[in-house]
Structure formats: structure tokens, C-alpha cells
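Visitor: Dropping the sequence and predicted coords here.
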Amino acid sequence: MADQAEKGRQATAAPSPYAIELKGISKAFGPVQANRDINIAVPRGTIHGIIGENGAGKSTLMSILYGFYKADAGQILINGTVTPIPDSQSAIRAGIGMVFQHFKLVQNFTVLENVILGAEDGFQLSTSLSKARKALEALSRDYELDVDPDALIEDLSVGHQQRVEILKALYRQAEILILDEPTGVLTPAEADHLFRILKGLKEQGKTIILITHKLREIMEATDNVSVMRRGTMVDTVKTAETSPEQLAELMVGRKVLLEVEKKPAAPGRTILKVEDLRVKDEHGVERLKGVSFEIRTGEILGIAGVAGNGQSELLAALGGMAKATGRIEMNGAALPVAGRGADGQSRRTAGIAHVPEDRHHYGLILDFSAWENVAFGYHNDPKYQKNALFMDNAALRADTEAKMATFDVRPPIPALAAKNFSGGNQQKIVVAREIERNPELLLVGQPTRGVDIGAIEFIHKQIVALRDQGKAILLVSVELDEIMSLSDRIAVMFDGQIMGFRDPETTNERELGLLMAGMSGEAA
Amino acid sequence: MDYDTLLQLLGSTLRLGTPLLLACLAGLFSERAGIFDIGLEGKMLMAAMTSAAVAALTGSVWVGLAAGIAGSLLMAAIHGIASITFRGNQLISGVALNFIASGITVLVAQSLFRQGGRTPPLAGDARFSPITLPFAEELQAVPVLGPLYHDVISGHPILVYVALLCVPATWWLLYRTRFGLRLRAVGENPAAVDTAGISVIAMRFAAVAITGVLCGLAGAYMSTALQAGFGREMTAGRGYIALAALIFAKWRPWQALGATMLFGFFQALALRPDVVQGVAGVKVPVSALDALPYILTVLVLAGFVGKAIPPRAGGEPYVKER
């Protein structure tokens, strides 16, 4: 109680109602202006959202605030006082804690060891460990932040690992907590729990900055929201006085359609028939447990489900990337499911194109140029061959340039390495490569993961356009909104099996949610 | 094989295992911090030469020891600057240092002493002599344990005991102190250390410096205690054997003691073909016995010891990501 009174006095004594003010922050990486004259003021004791497309400069701005980068120009004010933050140590001392999108935890350390790392008391660990154990008990009681202090990080779920990151910041007496895309890796239930924690922290007077590109979270959790676009701060508004549509418009600078406009499907003949498909992982555990379905021409079959329920294995088996048992029939002819002929090349020959879930590992080689990436999987195409020995690189570059124009890839430079494009533009390169081949069946995994709104809209339109040409599409996504708005039919997967098929016109998120949690259709 | 022969074997196991143990702990510090060090061999060789040369010139083994540590630290500093500051490839830097050490030791020894790249034989105060532990003589009459204490535990140069004490010291430093926590973290996930406000570069340099000191002890022991002077390539691959032992020990200090003593035992066995013949009943060629520690090394490196997971950030220069 005395503590809180003390805090109250400090707050009234402070001349500024703002926990953080950034004034005129600019930062360039070579020719790229990541932040341009950013001004923002975050009132103490609020949850402040920062929203913007990928590459809008949100993460750069927060890295400057946490001392990871030095701004080229501008000032940082903490509680009204100009505070230079040249390194992370200074940020921690200024009361700033950061939860990165990719956690900064030591996997084979315990929770306790991770919490004290860098904040130890004295040379011997034992005193720090017992002090931290007590502090953790208090914190977990106050903020619903339960984690076993002696558990190894590698044994914890992603949601619990994130709690450890929050505990790390609180243990360092952070008054300002920055969270960078915190829900990207969480299940809906974990995300809800996180927002409860954040609200609890806010009630205790902490200031929270939430960086995200998910409009729903901004609307649910924040008091104010700042919108960034291409390195500049576009606007700051009260969340209660805005709408998702307005925010989306501010983010991309023009009206976007959140709903996908599409005509009713006109399904034709069955093109793909899957019977009792099973896949085992490297430990011999069955991940796909006998899945059967059909896809017809001119329809989009959406596979909904929480990540890790066999969707990845289904895509891998269909795309020729994993050994399976069961039957895959394309146009009435059986395709090999294991051994010879069960590879990506043969699948492409059979008319199946594949936009893999993990574009960084399977979709692209990040260090290779865009035009080289456009050739992958189709490098044997006669139109790319100059003669028996050499590829026709000029033709390939020209082809890439044309694709980049059609798919609005920015910047439209074929020689640029894939890693230098933003997530959305990387995905456009992959989608362009696969769709432009005019496949009979397109497998798409998480087409809009880590992709900004403008690119999401574009990619969705391309998928629908392909369907309207009479092609079949298998769409796997963990984003329920995406499944609901794109699919003509929905299959819900749980624990390696299909729980049921639903019509997106007649079902709802609640029913799908129950199926995703493994409850049967009748219970829903 | 009688009890006396066994004690002799164990005694020489300890003597021969000591440089391996010191080098193995040296590698442990470096690799736990995420810096692969294939250059243990070169550092030991450099230390062996500098310590023997300075001991020969000054007549004091302690000055020689300091010079050995300095020589090894110099090599460690080069490795650190190449692989930490300039983010060079750690394996290539290590291999290069081994080549440099192999050439430069002979060159310096030859230009100093003109004895074919060797240092003069060391004697008296220029060499570590065996020390007798308290009560070794008095307790010798005690059955079984007395001779064990007198012949195996007692009667080694001081560096043997230093090496043995390094094992609990390393364990304590690694698992019970702030320094150890940060050191292990920097080898597993340097980004976690960086965001906690600690310098990754300083931690890694500290680790590489400890490696330098321990390799200095190992090299000095070779030329001023185990033998009496430096000779060309006298470390004979012990740096690599120590690396194999490190993998065998899965980067843990007590296990490193066990692993290096096992290798030491094989080296001791190679010196006693008569014992092997007595036990095995057949005459084993000496060259086959000499190869034993190296064969064991190959087996260890080929993964016959089960899964050994190296520190996750090992071999990777740390670059702040955007």
C-alpha cells in the first residue's frame, strides 16, 4: 500500500502524463528510410496499439526504443525527461521491457535461469535464484502469469514461453512493456489469456505498447492506436472512436475489402480424390490418421484447424514432400504416395502446384535472387533453356519481370535477393510462380501468414480468380476468417483426422471452433 | 597383471591424461560460449615452445610457465579477433592457427638455440619436478590404499593437481555463478544475452581468454613437466584428442575428467606392450597400441557415444538481427 502511495506521488510529481514520447525519430538502413520523422506520445497506464503493414517500420521504431538501433535523428522522452537509449542496458534501466516476436530465451535453461540472466545479484547464483523464485511467485499470483519456475524452456508451450518473456521484463521492474506481434504464435485461447494479463498490468499502472497487424486485437485490447505506413506515422486515434475499416484504410492508404468478393462456386467434375491418407513423422508417430475427401474443379476446399493437427502433413503428402500410405487419385489416375514418383517434380507434372506453408524453408531460397526463385520447380521448362547445357537466364529474367508486374511485386527488381523483399512481396513471388503455371490443382498453405493487408487482398483475389477459371484449390489456413471468406466448402481437422465438412454459408465460427477443439458435430 | 603394474599404469594414466584434461576444459569454455576451437593443438604447441624456451633461458620454470600462458593467450587473441570481432569462420581460423604454430615454434626454437628446432634439455629449477603429497611415505605400509596413494595419487608435478582442481572449479564457475550462466547462455542463444543488456562480444572474449590460459598450462606441462624440453610437433594431436573427449563428455566438466582419463589410459597402455601381452595373451604390435587413442578418437567422433548435442549457437558469429 505504502508502495502504491509512493508511486502515486511520483506520478503526480512527474510533469508529463506520458510514459513515452518520441519526437522526430528518423532511421535509414542504407537507401531505405525505415522511419521518417516519427512523433508519438503514449499516456501512462494505457494500452497503446501500433498497427501497420509489414515493412511499415513498426519493429524498427520499437528496436530504437529498446536501444537495439540508434536513431539518425530525434529524441526519446521517458516520463517527460529526455532519455538517450544507446543500448538495451539503458532501456532496461529506463524501465522499458520488450517481448520480441521471436523469443529471446535460452532453450535448455530453466524459467528461473532465464529470468535472472543479466539481472543477477552478485557473483554466486544461489541468492539470485531464491530471490527470483519469491518474486516470480508474487508476479504469477498478481497477474495470472503461472509458469513452473523449474521447467526447462524447451518443454514449455509457446504461450508459456511468452509468459516467461513478460516475467523477465517485470522482474527487471519494467514500467513500460512493448510486445511485438505477440499473438502470431498463440492459439485463440492463449491469446485471450494474454490480453487478460495485459489488462491486469494496465490496472497496476503499467504502460503497454502492442505492435500487431491484426485489427481485431487492436479493437479488443487497446485504448489508443497509432497507424504507421511506409515509415511514417499516419495518425493516432482513440480505439473507441474508430472502426476496423477506418484503420485498415489508414494502414494501406486506400479502401480495402476485408470480405472477399466472389461469385457462387460452379463446381464441376471431381479432380482429386484422397482415400485413407496416412503420414508418420520421423519418430514413427502417426500425424495424419486416415483422411478421405474429394475436390472438384471450380471449388475451393478450405481446411480449418489449430496448427499442428495434421494439416502440414496433408499438404506435404499431396505435394510429394512426405511419404504416405493410402490413395491419391488425380483425374482418375492413382499417384504414387511413397517412393519413386512421389516427389514435387512429379506432382507438378501431374498438374498440382504447391504454395508451401513455410515460404522461408520450402518456398524460397532467401539468398537467391527473385528470378532464380521463380525458376525453382520449373527449371526444366523448355522455355528457360538456351541449349542442352545452359539455361536462358535472360528469358527467365524477362519472365520474372512480367510476373512481378502482374502480381504487383515491389520493388520490381528481378535481381534483388528474396530476403530483401517484405513478407507480402515474398509470398507474391511464390504465388506468382505457382499460379502462372496454370495448374489444375493448387495447394495453398497459410497463404497470408506474415503478409500485410494489401497483399492479403491481392493474393485472395488471385486464388478466387483461379477458381473461376475452373481450377481446384485446397486451402490450408489457421486463420478462421480466411477460411470462412474464401472457401466454398470447409473441412475441419483435429488430431490428424477430418472432423466434418461444413458449408461456409450455413456454419459459424462457434461451430467450427468446437470442431477444431475435437468435439463432434452433434455437440456443436 | 599384478597390483604394482596396475598402479604403475594408473599413475602414468594420470600423467598422460593431464594435458588432455587441461586442453579439454579449455575447449569446454570456448565451445560453451559458442566459439568452436579446433586450434587447441596449436595453442598447446605454442605454449610448450615458449615455456620451454623461456625456462631454458631464465632457468626458472615459473617464468617459463608464465611465458607459456602468454604464448597461448596470443594465439587465443588472434582466434578471438578473427572469429568474434571480424565474424570469420571459426574452423578455418583454428586450422590456420594450428599451421602457424606448427611452423613458428620450430622456427623460433631453431633461431634461439640452433639445436634442430628443439630447446635444450631442462633440468633442476627449469623443470617441474614431482612433489610428494603429505603422509605418502608414512601411509605406504597401509595395505591396498597406501600404495594407491603413494604411487598413483602422490608423486606428480604440481600442474597435475592444478588440472584436477580445475574440474570442480570449472563446474562451480559454469553452474553456480553469474559468469557461468552468462557464458552458457551466450553459447546457446546470444540474442537472449544481448537483449538482457550484456555484451556478447565481451563474454565470448572472456571465454576465449580462459581457453588460452588453460591451453597454456597444458602446453607448459608437456614441455616442462611431462618431458624435459620442447620438440617439434610434441603435442602429437593431443589438441584433437581433447576435442574428441569434449564431445564424449558432452561439454560437461566431470565427464571431461572421465573421458580424458580414458584416453590417458590408452596412451599409458601403449607404453606398456608387455602388460598388454600379459593380459591379452598375444603379442600386439607396438604401433597398433600407439594407434589406440586415435582409434578411440575416430570412434567417438563417428558418434558411437550416443547423441551429443553441441551448444546451439556454436560456430555462428553473432550478428544483431533486424
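Guide: Here it is on my side, so go on. Residues are numbered from 1 along each chain as shown, chains lettered A, B, ... in the order given.
Visitor: Pull up the residues of chain B that are close to chain A.
Guide: B:175-182, B:184-185, B:188-189, B:191-198, B:312, B:320, B:322 (C-beta under 8 Å from any C-beta of the partner chain). Using the backbone N, CA and C atoms, a C-beta is placed for each residue, glycine as well.
Visitor: Chain neighbours aside, what residue packs nearest to the residue of chain B found nearest chain A?
Guide: Here chain B gets closest to chain A at one residue, B:Ala196, 2.7 Å apart by C-beta to the nearest C-beta. Of all residues not flanking B:Ala196 in the chain, A:Gly118 sits nearest, at 2.7 Å (C-beta to C-beta, 6 or more residues apart in numbering or on different chains).
Visitor: Next one: the one you found from A:Thr270, what distance?
Guide: Applying C-beta to C-beta, to the nearest Å, one obtains 59 Å for the distance of A:Gly118 from A:Thr270.
Visitor: filter the residues of chain B next to chain A to the buried ones?
Guide: B:177-182, B:184-185, B:188-189, B:191-198 (16 or more other C-beta atoms under 10 Å in any protein chain shown).
Visitor: Just the local confidence number for the residue nearest to B:Ala196, please.
Guide: In the predicted model, A:Gly118 carries a pLDDT score of 92.
Visitor: That one touches B:Arg182, doesn't it?
Guide: Yes: with contact defined as C-beta atoms under 8 Å, A:Gly118 counts as touching B:Arg182 (7.4 Å).
Visitor: what sits in contact with each of these two?
Guide: B:Val193, B:Ile198 (C-beta atoms under 8 Å, 6 or more residues apart in numbering or on different chains).
Visitor: What is the neighbour count of B:Gly68?
Guide: Using other C-beta atoms under 10 Å in any protein chain shown, B:Gly68 is surrounded by 35 other residues.
Visitor: Next, the buried residues of stretch A:137-151.
Guide: A:Leu139, A:Ser140, A:Tyr143, A:Leu145, A:Val147, A:Pro149.
Visitor: Show me what from the stretch 51-200 of chain A comes close to chain B.
Guide: So far as C-beta under 8 Å from any C-beta goes, the stretch 51-200 of chain A lies against chain B at A:59-60, A:63, A:66, A:68, A:87-89, A:91-92, A:98, A:100, A:104-109, A:113-114, A:116-120, A:122-126, A:128, A:168.
Visitor: Among the residues you listed, name the buried ones.
Guide: Looking at those with 16+ other C-beta under 10 Å, the buried ones turn out to be A:59-60, A:63, A:66, A:68, A:87-88, A:91-92, A:98, A:100, A:104-109, A:113-114, A:116-120, A:125, A:128, A:168.
Visitor: Could I get the full set of strands for the stretch 101-250 of chain B?
Guide: Ranges of strands within the stretch 101-250 of chain B: none, based on DSSP state E, counting those that start in this stretch.
Visitor: Also the stretch 151-300 of chain A?
Guide: A:176-180, A:207-212, A:224-229, A:232-238, A:270-280, A:286-296, A:300-304.
Visitor: Turn those into TSV, columns for mean neighbour count and mean pLDDT.
Guide: Below are these laid out as TSV (neighbours: other C-beta atoms under 10 Å in any protein chain shown; pLDDT from 0 to 100):
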stretch	mean neighbour count	mean pLDDT
strand A:176-180	23	94
strand A:207-212	24	93
strand A:224-229	23	92
strand A:232-238	16	92
strand A:270-280	18	94
strand A:286-296	18	94
strand A:300-304	25	94
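Visitor: list the contacts for the residue of chain B closest to chain A?
Guide: B:Ala196 touches A:Ser88, A:Ile92, A:Lys104, A:Leu117, A:Gly118, A:Ala119, A:Lys168, counting by C-beta under 8 Å, 6+ apart.
Visitor: Check A:Tyr69 too.
Guide: Counted by C-beta under 8 Å, 6+ apart, A:Tyr69 has contacts A:Lys27, A:Thr60, A:Ser63.
Visitor: Ok, A:Leu442 next?
Guide: A:Ile352, A:Ala353, A:His354, A:Val355, A:Glu434, A:Ile435, A:Ile463, A:Leu466, A:Lys471, A:Ala472, A:Ile473, A:Leu474.
Visitor: Find the nearest non-adjacent residue to the first one, please.
Guide: When you say that, I think you mean A:Ile352. A:Leu441 (4.8 Å).
Visitor: got a pLDDT number for the one you found?
Guide: Value for A:Leu441, per-residue pLDDT: 95.
Visitor: Test my guess that it contacts A:Ala472.
Guide: Yes: using C-beta under 8 Å, A:Leu441 is in contact with A:Ala472, at 4.7 Å.
Visitor: neighbour-wise, which of those two wins?
Guide: For the pair A:Leu441 and A:Ala472, the greater number of neighbours falls to A:Ala472 (28 against 21), based on other C-beta under 10 Å.
Visitor: ok, and for the helix or strand containing A:Met484, which residues are buried?
Guide: Using DSSP states H and E, the element containing A:Met484 is helix A:480-486. Judged by neighbour count (16+ other C-beta under 10 Å), helix A:480-486 contains these buried residues: A:Leu480, A:Glu482, A:Ile483, A:Met484, A:Ser485, A:Leu486.
Visitor: now the residues you listed as JSON lines including pLDDT and distance to chain B?
Guide: Compiled in JSON lines, the buried residues of helix A:480-486 are given as follows (pLDDT from 0 to 100; distance: C-beta to the nearest C-beta, whole Å):
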{"residue": "A:Leu480", "pLDDT": "80", "distance to chain B": "31"}
{"residue": "A:Glu482", "pLDDT": "86", "distance to chain B": "27"}
{"residue": "A:Ile483", "pLDDT": "89", "distance to chain B": "32"}
{"residue": "A:Met484", "pLDDT": "88", "distance to chain B": "34"}
{"residue": "A:Ser485", "pLDDT": "88", "distance to chain B": "32"}
{"residue": "A:Leu486", "pLDDT": "92", "distance to chain B": "32"}
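Visitor: Name the residue closest to the centre of chain A, please.
Guide: A:Gly450 (4.0 Å; C-alpha atoms, centre = their mean).
Visitor: That one touches A:Ser422, doesn't it?
Guide: No: using C-beta under 8 Å, A:Gly450 is not in contact with A:Ser422, being 9.2 Å away.
Visitor: Can you name the residue of the stretch 401-524 of chain A nearest chain B?
Guide: Closest point on the stretch 401-524 of chain A to chain B, by C-beta to the nearest C-beta, is A:Lys419, at 10.5 Å.
Visitor: Count the residues that sit near that residue.
Guide: Quick note: A:Lys419 (other C-beta under 10 Å) scores 12 neighbours.
Visitor: Nearest spatial neighbour of it, chain-adjacent residues omitted?
Guide: Nearest to A:Lys419 is A:Leu366, by C-beta to C-beta, 6+ apart, at 3.9 Å.
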